[in-house]
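1. Can you look at this prediction? I've put the sequence above it.
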Amino acid sequence: MADITTSQHGQWSSRFAFILAATGSAVGLGNIWKFPYIVGQNGGGAFVIVYLLCVIGIGIPIMMAETLLGRRGRHSPINTMEILTTEAKADPNWHYLGWMGVVAGFLILSYYSVIAGWALAYTGKAFFGSFFGENPAGIASIYDNFIASPWQQVFWHTIFMTATMAIVVRGVESGLEKSARFFVPILFVLLVLLVGYAMTKETYYFQGLHFLFSPDFSKLSGDSVLVAMGQAFFSLGLGMGAIMMYGAYLPKDISIAKTSIIIAAADTVVALLAGIAIFPIVFANGLTPADGPGLIFKTLPIAFGNMTGGWIVGILFFVLLFFAALTSAVSLIEPAVTWLIEARKVDRYTACLWSGLLTWALGVAVALSFNVWSGFKLFNQNLFGLVDYVTSNLMLPIGGFCIAVFVGWIMKQEDSESELALSQPHFYKMWKFSVCYIAPAAVFLVFLHVVGVL
Ligand code: PHE
């Protein structure tokens, strides 16, 4: 199987293209929306240190493992796992790992698109000056009215899904690669601009830095450690086949280790920049860092509506969130699209249409779970909470665990060794130790935590 040198779906034109696309997949709502609020909820600096350790010790090795699986299989995650299982003469049930990834991507995208739709809607609100002079109660009622409107929820979700599919339908080079080439640099520029704005807040800027970077380990619970690890999975986009898919488009001669380190570093820098940009605004306006998932939508507009230059900063912020979500969304659906092309022998357009429609339909249900269907609850969660819970807390960790176990224990050593082609044997040994022992054990702990044993 190692002789498959390209994927039928296309190939990245260069190492840089792959890095941009994979960074686009990793950097998303997880970095800009979620990272700051969970740092806020978990006490700041100490949590950040644990998060960084998770990225380095577990995230990078699993990212390398997932990418190498993709490049060796060169197909959608489902067929890649089938091919590699045959190659390793392993139990055919391993290909369900590919299935779980495709289903997880589809489920994540259904709610991801709804939240990304909020970013779009809020770009419009920022543009039309809806936040001007509003106090916290006014901003909260803007948010509540928005959430309560089924039509608005469905409308913005539809726009976001359409934008996503319009990119995916163009394929690897002219869709995924071009969009990443365009959006990822814009994203960095916008973030740096926002950090520049935060710096003008002087004392609050330093207060923000202090909150993010001076660790107070007394604020760190065992729980926070596990939350940090779960976030590393979600933020790096591991465990569901997205990076496996992108690995399938990776030319043979490109180093998986180096690119994984660059992508993980870029993802981490963006999350930290988001924190550096957001916390000074939070502190300068007397808001609380531990405000939870609503931190961005319920509180930042207060800042945007009341500060000089708030109009343009507000627009920039939500545009940034939208772009970040878009380049992640395309990676969430690509595994399903390629599988449809391979298994159903349809063209890309038809595959996009069906997978897009299916995701859209589930997304409509998620959008309505905030309002007309909010009474429908399972395990005390509405549909949004349920899908988020099942994917982030169960499917991604299980996927990451299985990937580490497959590559570490099932795949032949010479295959993973030749795929990684590391310059030093001790680098390979370190990586192997992590995928065989550290990463699976760590994920197992997250899992025990999620099911409430720990
Ligand atoms: N990493 C993305 C984010 O941080 C989300 C994502 C998860 C993308 C899983 C791909 C796979 O928003």
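-> Arrived safely, thanks for sending. Note that the structure is predicted; figures quoted are calculated from it, not measured. Numbering: from 1, shown residues only.

2. And the pLDDT for the residue in the stretch 151-300 of the chain positioned nearest to the ligand?
-> Among all residues of the stretch 151-300 of the chain, residue 237 sits closest to the ligand, at 3.1 Å; criterion: Cβ to the nearest ligand atom. To be clear about C-beta, it is placed using only N, CA and C from the backbone, and glycine gets the same treatment. On pLDDT, residue 237 comes in at 95.

3. And for residue 247, nearest residue in space, chain neighbours not counted?
-> Ranked by Cβ to Cβ, 6 or more residues apart in numbering and with sequence neighbours excluded, the top spatial neighbour of residue 247 is residue 70, at 2.7 Å.

4. The one you found looks like it's in a helix, true?
-> Yes. Under DSSP: H, G, I helix; E, B strand; the rest coil, residue 70 falls within a helix.

5. Report the contact partners of the nearest residue to residue 118 once chain neighbours are set aside.
-> The shortest distance from residue 118 to any non-neighbouring residue, by Cβ to Cβ, 6+ apart, is to residue 297 (6.1 Å). Residue 297 is in contact with 118, 122, 143, counting by Cβ atoms under 8 Å, 6 or more residues apart in numbering.

6. Adding distance to residue 48, secondary structure and pLDDT, write those out as TSV.
-> What follows is the contacts of residue 297, written out as TSV (distance: Cβ to Cβ, whole Å; DSSP: H, G, I helix; E, B strand; the rest coil; pLDDT from 0 to 100):
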residue	distance to residue 48	secondary structure	pLDDT
118	26	helix	95
122	26	helix	97
143	27	helix	90
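
7. export those residues to JSON lines and tack on distance to residue 250?
-> JSON lines is the format used below for the contacts of residue 297 (distance: Cβ to Cβ, whole Å):
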{"residue": "118", "distance to residue 250": "33"}
{"residue": "122", "distance to residue 250": "35"}
{"residue": "143", "distance to residue 250": "41"}
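
8. between these, which is nearest the ligand?
-> Using Cβ to the nearest ligand atom, the contacts of residue 297 come closest to the ligand at residue 118, 13.8 Å.

9. okay but that closest one is in contact with residue 156, surely?
-> Yes. Using Cβ atoms under 8 Å, residue 118 is in contact with residue 156, at 6.8 Å.

10. If you count surrounding residues, which of these two has more?
-> More crowded of residue 118 and residue 156, by other Cβ atoms under 10 Å: residue 118, with 27 against 24.

11. tell me which parts of this structure are close to the ligand?
-> Listed as neighbours of the ligand in the chain under the rule Cβ under 6 Å from any ligand atom: 25-26, 28-31, 108, 234-235, 237, 240, 242, 328, 331-332.

12. are any of these buried, and which?
-> 25-26, 28-31, 108, 234-235, 237, 240, 242, 328, 331-332 (16 or more other Cβ atoms under 10 Å).

13. ok and the residue in the stretch 51-200 of the chain nearest the ligand?
-> Closest contact between the stretch 51-200 of the chain and the ligand, by Cβ to the nearest ligand atom, is at residue 108 (5.8 Å).
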